[in-house]
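S.K.: need a 3D model of the following:
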Amino acid sequence: MSSFVAALKLIVGNARVLTDSNATRPYRTGFRYGTGVVLAVVSPRSLVELWRVLQACTTANKIVIVQAANTGLTGGSTPAGDDYDREVVIVNTMSLAKLYVIDQGRQVICLPGTTLYQLEQALEPFGREPHSVIGSSCIGASVLGGISNNSGGALLQRGPAFTQMALFARVTANGELQLVNHLGVSLGQDAEQMLARLDRGEFNAEDIEHDSNRWGSDRDYARRLREIDSDVPARFNANPERLFEASGCAGKVVVFAARLDTFAKEPSTRVFYIGTQDPAELTDIRRHMLSRFQNLPVAGEYMHRDMFDVADTYGKDAFLIIHHLGTRRLPALMNLKRRFDDLVSRLGLAGCGASDVLLQRLSGLFPNHLPVRMRAWRDRFEHHLILKMAGDGIQEAADYLSARFPSSTGDVFECTEEEAEKAFLHRFVAAGAAIRYRAMHRQEVEDIVALDVALRRNDPHWFEAPPSDIRDRIHLALYYGHFFCHVFHQDYLVRKGANAPALEHRLLRWFDERGAECPAEHNVGHLYPAKPALAEFYRALDPCNQFNPGIGQTSKRARWQT
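M.R.: Numbering: from 1, shown residues only. Take a look at the predicted model:
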């Protein structure tokens, strides 16, 4: 055992330092993408232990990749390959899962391992909610992971995860570890005393500063959404206006805590299910509501008929699990699924995705799970929009939609409570359904190119077929996404034998030509190249390239050497 590993064990205890390759595999393998070699995985139990681990790694010139739930879709919280110039240490923060509700529930302070689900439950007694209530919360994603990646934004009145108030560590240009307190909470001056106080919750209302110039959410998002004639996308990961210290840092600083706004829970909501054969009809609805409605929608989720069908068949088990058991058990079930696949693979009993094949066959034993009217709309219409309104916006939408529909190409119905729940749940399981489709059709599908694309706010051709040189390499194209902000998830199932990386590069060039931005909300990870503004942001945060090097396909070498 090396002296460095021994030092880590002195800090956190023997059981919390993993070095065996089998033991570290779940931590060094991405949720959907990426894997690499690590020296150790360390799981500190306190903020002081986390600080001491960072000190040890910095002194020994080790690379640090901080990871919470490891639910990212682009490999941003795991190493990528074995071509780093220093040894890699993963620091997992899931044991640091405290949060503090402040200002009568209007704000929260979250430590690194706090999950969105945990936050949602803590805010329930206050009648408040976090920025995201379905999506990443269902798979156990951490709050600070969302902040680090400017994630989310499906809820129109809340926007993506963002804050200007955080407590974080950075490595300065001369290689020193520095603790920066921009949390707006007076904790003292000594780093370990500050962290210990925060860990114990030893602060009161008088210690909390209220600076109107520092935001705990993207308070400008609604205005940007309403600018429907702008040729700049509404939200995307490389947006320089929303890169601020911890927000968008992608692990280039180590965030110990973030302070965030919360949002009042809507007392009453209604969901309208819109179908049409003409995408221009949905364009008109979007532009009208964003420019003329006094009340913005709560959410507006789009699904193409092909995606409806794939989610219907290949997302059925996830739908049934969430519907009957709730989201609370989903992270544990997903972890069990991953461990099952790992065990089967190591035993050499089956190929990859054994759990997918098993679950898919089991799901076929259950009866139809979707409402009759949703199936009727699927048969009648190619394009589907699930529109959620709240408060005064309910009547505003009802009046507008009743005057517009039925039309020659479309129609709408107001959902019952059960239909509304199932419509949004059907949309949620779509992403996983594409992965399941690949697992069940490996003879026809080479791979998936999964893009989250932010189109221009003024782009009328949001539903546009790829050029002919792209189409002949695609087995199936699946379109779904967040319609009002023009952020779409486009999963391209690559035809067997085609070159998936080459197809991805061609697709990215095509989106560049259209003025789109990729990625929109999943961040660059190791899949996407960081654009110049984003790469420069990373360099400014981490001049020694000590934390999460290689992110955005940047240099993995010390001090950004090429």
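
S.K.: which residues in the stretch 451-562 of the chain form helices?
M.R.: Counting by DSSP state H, counting those that start in this stretch, the stretch 451-562 of the chain has helices at residues 468-471, 500-513, 532-541.

S.K.: per-residue confidence at residue 172?
M.R.: Predicted confidence (pLDDT) for residue 172: 98.

S.K.: I'd assumed residue 543 was in contact with it.
M.R.: Yes: here residue 172 reaches residue 543: they are 7.1 Å apart, a contact under CB atoms under 8 Å. Backbone N, C-alpha and C define where each C-beta goes, glycine included.

S.K.: more neighbours: which of these two?
M.R.: residue 543 (17 against 11; other CB atoms under 10 Å).

S.K.: quick one: furthest residue from the center of this structure?
M.R.: Most distant residue from the mean C-alpha position of the chain: residue 408, 37.8 Å away (CA atoms, centre = their mean).

S.K.: that residue and residue 264: what is the separation?
M.R.: From residue 408 across to residue 264, the span is 40 Å (CB to CB, to the nearest Å).

S.K.: swap in residue 100?
M.R.: Using CB to CB, one gets 19 Å for the distance from residue 100 to residue 264.

S.K.: the more surrounded of these two?
M.R.: Shown here are residue 100 and residue 264; by other CB under 10 Å, residue 100 has more neighbours (18 against 13).

S.K.: which residue packs closest to the more buried one, ignoring adjacent ones?
M.R.: Counting by CB to CB, 6 or more residues apart in numbering, residue 100 lies nearest to residue 109, which is 4.5 Å off, once chain neighbours are set aside.

S.K.: surely residue 354 meets residue 341?
M.R.: Yes: the criterion here is CB under 8 Å, and residue 354 meets it with residue 341 at 5.8 Å.

S.K.: can you map out the strands along the stretch 1-150 of the chain?
M.R.: Per DSSP state E, counting those that start in this stretch, the stretch 1-150 of the chain carries strands over the ranges 17-18, 40-42, 63-67, 88-92, 99-102, 107-110, 128-129.

S.K.: quick one: closest of the ones you listed to residue 34.
M.R.: Closest to residue 34 of the strands of the stretch 1-150 of the chain, according to CB to CB: strand 63-67, at 10.8 Å.

S.K.: other residues contacting that closest one?
M.R.: 27, 38, 54, 57-58, 77-79, 84, 86-93, 112, 251, 254-255, 546-549 (CB atoms under 8 Å, 6 or more residues apart in numbering).

S.K.: next, the angle from it to strand 88-92.
M.R.: 20 degrees (axes from the mean of the first three to the mean of the last three CA atoms, to 10 degrees).

S.K.: just to revisit the earlier point, who's in contact with the residue nearest to residue 100?
M.R.: By CB under 8 Å, 6+ apart, the contact set of residue 109 is 99, 100, 102, 183, 185, 198, 257, 258, 259, 260.

S.K.: and those residues, which are buried?
M.R.: Among the contacts of residue 109, those buried by neighbour count (16 or more other CB atoms under 10 Å) are 99, 100, 102, 183, 185, 198, 257, 258, 259, 260.

S.K.: setting aside sequence neighbours, what's the nearest residue to the fourth one?
M.R.: With CB to CB, 6+ apart as the measure, residue 167 is the residue that lies nearest to residue 183, at 4.3 Å, once sequence neighbours are left out.

S.K.: now the one you found, what's its secondary structure?
M.R.: Of the three states, residue 167 takes strand according to DSSP: H, G, I helix; E, B strand; the rest coil.

S.K.: that one and residue 255 touch, don't they?
M.R.: Yes: using CB under 8 Å, residue 167 is in contact with residue 255, at 7.4 Å.

S.K.: assign residue 260 to helix, strand or coil.
M.R.: Residue 260 ends up strand, using three-state DSSP.

S.K.: contact partners for it?
M.R.: Contacts of residue 260 by CB under 8 Å, 6+ apart are 107-110, 130-131, 143, 147, 161, 163, 165, 216-217.

S.K.: can I get those residues in TSV including distance to residue 432 and pLDDT?
M.R.: As requested, these are arranged in TSV below (distance: CB to CB, whole Å; pLDDT from 0 to 100):
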residue	distance to residue 432	pLDDT
107	33	98
108	28	98
109	32	98
110	26	98
130	22	92
131	22	87
143	22	94
147	24	96
161	21	94
163	29	98
165	33	98
216	31	97
217	28	97
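
S.K.: now the helices for the stretch 51-200 of the chain?
M.R.: Using DSSP H, counting those that start in this stretch, the helices of the stretch 51-200 of the chain run over 116-123, 143-148, 191-200.

S.K.: winner for burial among these?
M.R.: Sort these by mean neighbour count, taking mean count of other CB atoms under 10 Å, and helix 143-148 sits at the top with a mean of 29.

S.K.: and it, what does it pack against?
M.R.: When contacts are defined as 3 or more CB pairs under 8 Å, 6 or more residues apart in numbering; DSSP states H and E, helix 143-148 sits against helix 116-123, strand 254-261.

S.K.: what's the mean pLDDT across the last one?
M.R.: Which is strand 254-261. Strand 254-261 shows an average pLDDT of 98 in the prediction.

S.K.: report the angle between that strand and helix 191-200.
M.R.: Angle, strand 254-261 to helix 191-200, by the same axes, to 10 degrees: 50 degrees.

S.K.: the helix or strand just after strand 254-261 pairs with which strands?
M.R.: Counting by DSSP states H and E, the next helix or strand C-terminal to strand 254-261 is strand 263-264. Strand 263-264 pairs in its sheet with strand 128-129 (antiparallel), by DSSP bridges.

S.K.: low-confidence regions, the chain specifically.
M.R.: Counting by pLDDT under 70, the chain contains low-confidence residues at 1, 134-139, 330-331, 348-352.

S.K.: which residue packs closest to residue 426, ignoring adjacent ones?
M.R.: Closest to residue 426 by CB to CB, 6+ apart is residue 311, at 5.7 Å.

S.K.: burial count for the one you found?
M.R.: Using other CB under 10 Å, residue 311 has 28 neighbouring residues.

S.K.: from what I can see it touches residue 303, true?
M.R.: Yes: Residue 311 is in contact with residue 303 according to CB under 8 Å; the separation is 7.4 Å.

S.K.: find residues that contact each of these two.
M.R.: Listed as contacting both residue 311 and residue 303 by CB under 8 Å, 6+ apart are 426, 427, 430.

S.K.: quick check: closest non-adjacent residue to the last one.
M.R.: In this case it means residue 430. Closest residue in space to residue 430, ignoring its immediate chain neighbours: residue 311 at 4.4 Å, by CB to CB, 6+ apart.

S.K.: any idea how far residue 432 is from the one you found?
M.R.: Here the criterion is CB to CB. By it, residue 311 lies 9 Å from residue 432.

S.K.: likewise residue 23?
M.R.: Separation of residue 23 from residue 432 (CB to CB): 27 Å.

S.K.: in terms of neighbours, single out the busier of those two.
M.R.: residue 432 (19 against 11).

S.K.: OK, contacts around the residue nearest to residue 430?
M.R.: Going by CB under 8 Å, 6+ apart, residue 311 touches 303, 319, 426, 427, 429, 430, 433.

S.K.: need those in a markdown table with neighbour count and secondary structure, can you?
M.R.: As requested, these are exported to a markdown table (neighbours: other CB atoms under 10 Å; DSSP: H, G, I helix; E, B strand; the rest coil):
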| residue | neighbour count | secondary structure |
| --- | --- | --- |
| 303 | 24 | strand |
| 319 | 22 | helix |
| 426 | 26 | helix |
| 427 | 25 | helix |
| 429 | 23 | coil |
| 430 | 25 | helix |
| 433 | 25 | helix |
